[in-house]
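> Build me a structure from this.
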Amino acid sequence: MRSEASIMHLDLDAFFASVEQRDKPSLRGKPVIVGGLGRRGVVSTASYEARVFGVHSAMPMHEARRLAPHAAFLSGRFGKYRATSAIVMGILREISPLVEPLSLDEAFVDLAAGADPPEFAPPALTRFGIELKQRVREATGGIVASLGIGSSKFIAKLATELGKPDGCHLVEPGTEVETIAPLAVGVIPGVGPVTRDKLARLGVRTVADLQQRSLAELNRELGQAHGTGLHHLAFARDDRAVDPERESKSISVEDTFETDIADRAELRRIAERHARLVARRVGEQGLFARTVAIKVRRPDFSTVTRARTLRGATDRAEVIIGQAHALLDGLDLADGVRLLGVGVSGFSESAQEELFDLGTPTAGAEPEATQQTDWADPEPRRAPSLRPGADVRHREHGDGWVWGAGLGRVTVRFETALTGPGPVRTFAEDDPDLELLPD
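Residues are numbered from 1 along each chain as shown. As a prediction, this is how the structure comes out:
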């Protein structure tokens, strides 16, 4: 345990939806839901205005439409989200070289590692956090961040949750145990539904209840590693370091289909498209990957992952495609596929490919059954289409975004982040004056 509150956690509130509200003035203060808009789509992010109706992330999109039928449903613009995230992460790296991104909208920062660390007295830290929130808001055009500061990663992240939304919460050193004691045991990392049910059978529902249980009892019920870990966290003992290498553990692209696909040739084409997108992102980050993985979800929702580690590292699309195809060919797909993903991991900053390696599997190299990527931040495939939320430009009317499309027509609201709410007009989808802009 650190003696000072020198670890900060930052979370951009309702990030995807907030970026959409920033760039679309007519949606500010209104419910906005971002995610897959198809029959099998799920919610990625819901604005706080949408959460009032019970909408939350990972909810099926059809359920979100039932709960909030008048919300704006948008398919998302990952290019805009990545660009905004890069601005925020850049600000954090000016504070400290030790920044651990958890996703596009979330990161830990080791404040003590900076060249000019803030004062760790509570009033000074609170002022520092408020000033940082304002700096993020100004640099991103209005995106709101919540901050938590504490003596460990566990406490800093918990502090963020206690202060949301738009909060800046400090847990002072020495108060950690009393702060977490009355909270539900689910606030502890690693306590999911299964563990929560096991603990409930022991009469454990709050962290205070967990503090009353012996280490031997927890180890007997949960296993030594898990039980010991929870026992430590129940007393706020967490010595995990902020890991700046966390940012690039894996890169993946996946897609959930409107209807199950059983045609192997079609699945190979989709895998190739995913692999090319993955290779592009690997190249953009100046990385090379050693492991290629695929993820397949069947109609019964069972999920299979397969991975193969190369003898060298690559950023070549043809290598990733070859490995993805080989892994896919090894699976029984007769019942169809609901979701298909391709990912890479095991990064290095230099290529180590074998001479004459054409991307085909090497003799004797069996696919690994265990998942090598964490699929933590997949970028769903986005076909270039006039989907709701997409940016467009009209030769006469200027810049706007797709309000809706169908039956050969597209409705556009002409506004930008700088214009204020704008007018709505409808065009034919093939109008030569209407241009789809990149994310």
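> For Arg413, list each beta-bridge partner.
For Arg413, the beta-bridge partners are Trp401, Val424 (DSSP bridges).
> Please apply the same query to Asp391.
Applying DSSP bridges to Asp391, the residues it is bridged with are Trp401.
> For it, give its distance to Ser57.
Separation of Asp391 from Ser57 (CB to CB, to the nearest Å): 23 Å. Yep, even glycine has a C-beta here, placed from its N, CA and C like the rest.
> who's more crowded, these two?
Asp391 (20 against 16; other CB atoms under 10 Å).
> my guess is the more buried one contacts Trp401, does it?
Yes. With contact defined as CB atoms under 8 Å, Asp391 reaches Trp401; the gap is 5.5 Å.
> what ranges do the helices span in the protein?
For the chain, the helices defined by DSSP state H occupy 15-23, 48-51, 61-67, 78-95, 122-140, 153-163, 176-180, 193-201, 207-211, 215-222, 224-234, 264-284, 317-329.
> Could I get those helices in a markdown table, plus columns for distance to Arg297, mean pLDDT and mean neighbour count?
As requested, those are exported to a markdown table (distance: least, CB to CB, whole Å; pLDDT from 0 to 100; neighbours: other CB atoms under 10 Å):
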| stretch | distance to Arg297 | mean pLDDT | mean neighbour count |
| --- | --- | --- | --- |
| helix 15-23 | 22 | 97 | 24 |
| helix 48-51 | 26 | 97 | 20 |
| helix 61-67 | 17 | 94 | 17 |
| helix 78-95 | 21 | 94 | 17 |
| helix 122-140 | 34 | 97 | 16 |
| helix 153-163 | 29 | 96 | 22 |
| helix 176-180 | 36 | 96 | 18 |
| helix 193-201 | 20 | 88 | 13 |
| helix 207-211 | 34 | 95 | 19 |
| helix 215-222 | 29 | 91 | 16 |
| helix 224-234 | 27 | 92 | 18 |
| helix 264-284 | 12 | 89 | 18 |
| helix 317-329 | 13 | 94 | 21 |
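> Let me know which of the ones you listed is the nearest to Met1.
Smallest distance to Met1 across the helices of the chain (CB to CB): 7.9 Å, for helix 176-180.
> Just the CA atoms of the closest one, as PDB, please.
In PDB, the C-alpha atoms belonging to helix 176-180 read as follows (Å, rounded to 0.1, in the frame of the first residue of the first chain):
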ATOM      1  CA  GLU A 176      -9.700   2.900   2.500                       C
ATOM      2  CA  VAL A 177     -11.000   0.000   4.700                       C
ATOM      3  CA  GLU A 178     -13.800   2.100   6.200                       C
ATOM      4  CA  THR A 179     -14.700   3.500   2.800                       C
ATOM      5  CA  ILE A 180     -15.200   0.100   1.200                       C
END
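> tell me the contacts of the closest residue to Arg240 other than its chain neighbours?
Nearest non-adjacent residue to Arg240, counting by CB to CB, 6 or more residues apart in numbering: Lys153, 5.1 Å away. Each residue near Lys153 by CB atoms under 8 Å, 6 or more residues apart in numbering is listed here: Ile7, His9, Phe108, Asp238, Arg240, Val242.
> need the contact list for the fourth one.
What that stands for is Asp238. Per CB under 8 Å, 6+ apart, neighbours of Asp238: Met1, Ser152, Lys153, Phe154, Ile155, His232.
> From Ser3, how far out is the residue nearest to the fourth one when sequence neighbours are not counted?
Distances taken as CB to CB, 6+ apart place Asp238 nearest to Phe154, at 4.2 Å, with adjacent residues excluded. Spatial separation of Asp238 from Ser3 under the definition CB to CB is 14 Å.
> same check, this time on Ala241
Ala241 is 16 Å from Ser3, by CB to CB.
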